Every structure is written in structure tokens, then in C-alpha cells.
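Asks: here is the input, now give the coordinates:
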Amino acid sequence: MNRLELQRFAAQPWPVMGFSSEHMAALVMADRERLNSVDIANVVLHDPLLVFQLLRHIGTVDRARTLTDTVCVEHALLLTGVDPFLTHFGHLSSIDTHPGITRQRKRNVAALLARARLAALLVKEWLSIIEVHKVEEFFTGALLYNVPLAFYAIDNDLVLDGDVERAAQRALGEDYSLFVRSVFQAAGLPAKMTELLLGQQDLSRQRLLLRHAIYTANHLASGWWQQDLQSHLRGVAGLLLVPEDQVWASVVQSSLTLARSPYTRAYADPARSLPLVAEPPLVSENEFLELDWTDDSRAEMARFELSVCDVMRRIITVFGVERTAYFPIGPDGSLLCRFQIGFDSKDPLISVHVDPAAPGFFASLTARAQAFRATAEQWPTLTSRYPHPFWDAASPLGCVMVSIFHNGKLAGVLYADNKDRHTGIDDEIYARIKHAAGALSA
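Replies: Coordinates of the predicted model:
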């Protein structure tokens, strides 16, 4: 972006999340005498888009123009005042009605905000371990880091696959930290916030923990086994002087805390990846780190299975599908679920045995690498023509199955559905699943 485009981008009236729009409308209608800045702050802090716009607005408030250290939400609300705040922000538009918004763009924005919320919860937890209880500026900084890319994602398609920095580099053609700095400066955000997030001078333990929290939240979806992420968490353990297991426990707990928030489904994205974090798909006896990746046959299979699990993670966290499972072919030639995300441990589907050699639907599906989508309309015909216990446990509203080949042989079948959401798989998501899973057979 040139300077003029950047100024326009940073200054325009952006929408907020749908839940924020609803909560703000309720606050406008509430009895003003019963409202206080703490109650309003609790609403604002759940939506980083609103946090950004509040701090941007502070620069226009006469009595706050010289207070460049206003970097926390509650302080900003005190400077603004309840009535002026509700007048200015009470009727912000919702992202749900933003012109040109698509479901995938909305999903990308929510996913970026979920990572921002996770970073904020992590830095709050880590600072409490070292008995730092004044955490507002670090919490706010964690919320704000992903906002410039979230604003960009409202009006632009974004491939949010893996870490945020890589997605930003592909979309913007520049280092994300430079884009953040430019947007913050153009929007008139407090200089202290830019320095807190991006400055290189006087890196205190608190600032280092903030940056580790942001990195962790933005890279967790890429896989816990990534060496850079492991290095950051070891760094956190060193800064906190606690075992690495305690740091990992804080990541898990913060992800679950975020998932229990009723604000938006995407805030559960980090928790949805926990099965792959807590029970990583390693080879037997956790020999993953000791494998010779150049010629060991077990290493080749481990690498392939990690690729399968990465696709599964993308199906859930990027494509927004509710459940997915992988049925590899076993030594006896049958298909049995090994990896799954989103299923209850007692769900009958993950215990179904399938013989791909038996005449019928699965023999046809596994004859070559291909994808199949069953819709609710096709379901009666499919289940009557090809009776199988598998259909009794699958979603009658529709599902997707992809047969995957490795080294020219059938490796397994990937399955995905939205059973508990009571919907099928639409054309766009089906195409994306086919593309992602099909790459495994390439």
C-alpha cells in the first residue's frame, strides 16, 4: 500500500463482530446509571476489532491527545466517558452485514481474532506466574497484533493456512511486523503500543513473554512439533523458571478457556487442535525425534501420517468443518479409524471396521484416489443400494470421503461431516477438502 492507501485503510470505519454489535445495542438501551467502565470493558475486550477502534478514537479526544501512554481499554473508557462511548460506538455495523463479506472471509477474521484472544490469555497467565498482576497493556497488545490483518481479511480473500506471518506475507507482499507498524502509526494508536509489540530496546521479561504468547497463538495451528514453536515454549519455561510441562499445560488450559466463551464458534479453534497437541500422531514409543528421516521406512510413514493430520487440522480450523476422521488400512486389510477430531470418544463411527475389498461402495471408492460427497437427498438411495454399518454411524445430512493413496497403494480414507451442526458440506468446502486431501495422493 502507498501512503494514501494506508491512511485510508487505517482511518476507515471498520465493522465489529456480530456479537459486539448485539452487545453494544443492548448497552445503548440499558439504564446508563447502572453502567460502568468495567462492564463495558468486558464487552470490548472480547472483540479485538472494537479494541483497536476504541484506542484509535482516543487520539481524537481532546483531553487524551497528550496521554500517549493510554494503552489499556479501561483507561481509554474512563477518558472517553460512558455516554460519549455509547454515542460513538453504540451503532457500529456488524461484519455480518458488511458489503462483500463472504462466509470464508468472516471465518478468516474470526480465526485471527481467536488467535489474538489466545495470545492475550497466555500472556496474562504467564505474567501471573511471575507475580506480575498489572497486565492490562500486555493483554491489550496481544489483542491488537492480528487486527491489521483481520481488517485486511474483511475485504480480501486470505489463505490462512498455518501461521499468521506467512499468510500476511503472501497477501501483502511484505513482512507483517512492518505492516502492523505502518497501520498503527497511520491510525494514531499510542506510540507506546507500537514500541511494546515491535520495539527492540529494553526487552524486559514481560515484553518477551508477550512476544512468545503472540508467536505461540499464531503458530499453534501449524503443529506442536514445529521446532520454532518448541523453541519459543522452552524460552517461556526459562523466563518463568518452571518446567516445560507447566508451560504446555497453560497453553491447553487457555485454549479450553477460550473455547468455553459463548461469543463465536471460531474462538474454539485452538481447542479443536488440542487432540493433535495432547496426543500427537507419533510412531510407537514416541521415537519421532530419533528417527532417521532419510531412509527409515517408519520415518516415511510417520511423515505421511503427519501430513494427513495436518490436512485434518486444516479441515477443522481453516475450512470450518465440524468433524473429521482418518481410516488407514491396517495389517488385516481393513479400514479402522486412527485419527479423529471433533468426535465423542464413544461415537460408533470411529469403531466401525470397513473391508475395502468387499463388493460394494467402499470397493468402488478405494479403487483409486478420488473424492465423494453424499448429500441429504442422495442418502436414502446410497444407503439402500449399498447397505453397510458405516452409514448407520455417519451423518445422514451429508458427508465427504476421500480415498488416499501412498506410494501407489491404498493408504486410507479421510472422512468429514457437520453432523452435530445439522448441515451438509457445501460446494466450496467440498472443493477445498478435495484439493487438500488430494495432494496427499500426489
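
Asks: roughly how far does the residue lying closest to Ser250 once chain neighbours are set aside sit from Ser255?
Replies: Setting aside the residues directly before and after it, Ser250 is nearest to Glu125 in space (Cβ to Cβ, 6 or more residues apart in numbering), at 4.9 Å. C-beta coordinates here come from the backbone N, C-alpha and C atoms, glycine included. In this view, Glu125 and Ser255 are 11 Å apart by Cβ to Cβ, to the nearest Å.

Asks: ok, the two, which is more surrounded?
Replies: Taking other Cβ atoms under 10 Å, Glu125 and Ser255 do not tie; Ser255 has more neighbours (24 against 20).

Asks: where's the closest residue in space to that one that isn't next to it in sequence, which helix or strand?
Replies: Spatial nearest neighbour of Ser255, chain neighbours left out: Pro270 (4.0 Å); criterion: Cβ to Cβ, 6+ apart. Here Pro270 is covered by helix 269-272, with elements defined by DSSP states H and E.

Asks: which other residues reach that helix?
Replies: The set of residues external to helix 269-272 that reach it, using Cβ atoms under 8 Å, 6 or more residues apart in numbering, is 111, 114-115, 118, 217, 220-221, 254-256, 258-259, 316-317, 341-342.

Asks: among those residues, which lie within helices?
Replies: Of the positions in the contacts of helix 269-272, Ala111, Ala114, Arg115, Leu118, Ala217, Ser254, Ser255, Leu256, Leu258, Ala259, Ile316, Thr317 sit in helices, assigned by DSSP state H.

Asks: filter the residues you listed down to just the buried residues.
Replies: Listed as buried from the ones in helices among the contacts of helix 269-272 are Ala111, Ala114, Arg115, Leu118, Ala217, Ser254, Ser255, Leu258, Ala259, Ile316, Thr317; burial here means 16 or more other Cβ atoms under 10 Å.

Asks: can you pick out the most distant pair from the residues you listed?
Replies: Ser254 and Ile316 (18.6 Å; Cβ to Cβ).

Asks: which residues touch the closest residue in space to Tyr386 that isn't next to it in sequence?
Replies: Leaving aside its chain neighbours, Tyr386 sits nearest to Phe361 (3.7 Å; criterion: Cβ to Cβ, 6+ apart). By Cβ under 8 Å, 6+ apart, Phe361 lies in contact with Leu382, Tyr386, His388.

Asks: neighbour count for the residues you listed - can I get that in CSV?
Replies: As requested, the contacts of Phe361 are exported to CSV (neighbours: other Cβ atoms under 10 Å):
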residue, neighbour count
Leu382, 18
Tyr386, 16
His388, 17
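
Asks: taking the residues you listed one by one, which sit in helices?
Replies: Leu382.

Asks: show me where pLDDT drops low in the stretch 151-300 of the chain?
Replies: Low-confidence segments of the stretch 151-300 of the chain (pLDDT under 70): 162, 224-225, 227, 262, 274-300.

Asks: please, which helix or strand holds the closest residue to Val132 other than its chain neighbours?
Replies: Sequence neighbours aside, Gln206 is the residue nearest to Val132 in space, at 6.0 Å (criterion: Cβ to Cβ, 6+ apart). Using DSSP H and E, Gln206 falls within helix 205-219.

Asks: after that helix comes which helix or strand?
Replies: Next along the chain after helix 205-219, taking DSSP H and E as the criterion, comes helix 227-240.

Asks: name the residues of that following helix that are buried.
Replies: Leu229, His232, Leu233, Gly235, Val236, Ala237, Leu239, Leu240.

Asks: what is the nearest of those residues to Leu397?
Replies: Using Cβ to Cβ, Leu229 is the member of the buried residues of helix 227-240 that lies nearest Leu397, at 36.3 Å.

Asks: now do that closest one against Asp47, distance only.
Replies: Per Cβ to Cβ, Leu229 is found 27 Å from Asp47.

Asks: returning to that earlier point: distance of the residue nearest to Ser250 from Arg105?
Replies: Counting by Cβ to Cβ - Glu125 and Arg105 are separated by 31 Å.

Asks: next one: Pro15
Replies: For Pro15 relative to Arg105 (Cβ to Cβ), the value is 11 Å.

Asks: what do those two both touch?
Replies: With contacts taken as Cβ under 8 Å, 6+ apart, Pro15 and Arg105 have Ile154 as neighbours in common.

Asks: of those two, who's got more company?
Replies: Taking neighbours as other Cβ under 10 Å, Pro15 and Arg105 compare with Pro15 leading, 22 against 18.

Asks: so who does that one touch?
Replies: Residues near Pro15 by Cβ under 8 Å, 6+ apart: Ser21, Leu49, Leu92, Ser93, Ser94, Ile95, Thr97, His98, Ile154.

Asks: same question, Ala41
Replies: Val73, Glu74, Leu77.

Asks: now flag whichever of these is closest to Thr87.
Replies: Leu77 (13.2 Å).

Asks: turn the buried ones among the ones in helices among the contacts of helix 269-272 into TSV, columns for distance to Ala191.
Replies: Formatted as TSV, the entries for these read as follows, by distance: Cβ to Cβ, whole Å:
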residue	distance to Ala191
Ala111	29
Ala114	28
Arg115	25
Leu118	26
Ala217	24
Ser254	29
Ser255	32
Leu258	30
Ala259	35
Ile316	39
Thr317	34
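
Asks: returning to that earlier point: and the pLDDT at the residue nearest to Tyr386?
Replies: pLDDT for Phe361: 93.

Asks: check the one 5 residues further on too.
Replies: At Thr366 the predicted local confidence, pLDDT, stands at 94.

Asks: which strands or helices does the helix or strand that Leu27 is a member of pack on?
Replies: Taking DSSP H and E as the criterion, Leu27 maps to helix 18-29. Here helix 18-29 touches helix 37-44, helix 82-89, going by 3 or more Cβ pairs under 8 Å, 6 or more residues apart in numbering; DSSP states H and E.

Asks: the ones you listed: which one's closest to Leu6?
Replies: Nearest of the helices and strands packed on helix 18-29 (Cβ to Cβ): helix 82-89, 23.3 Å.
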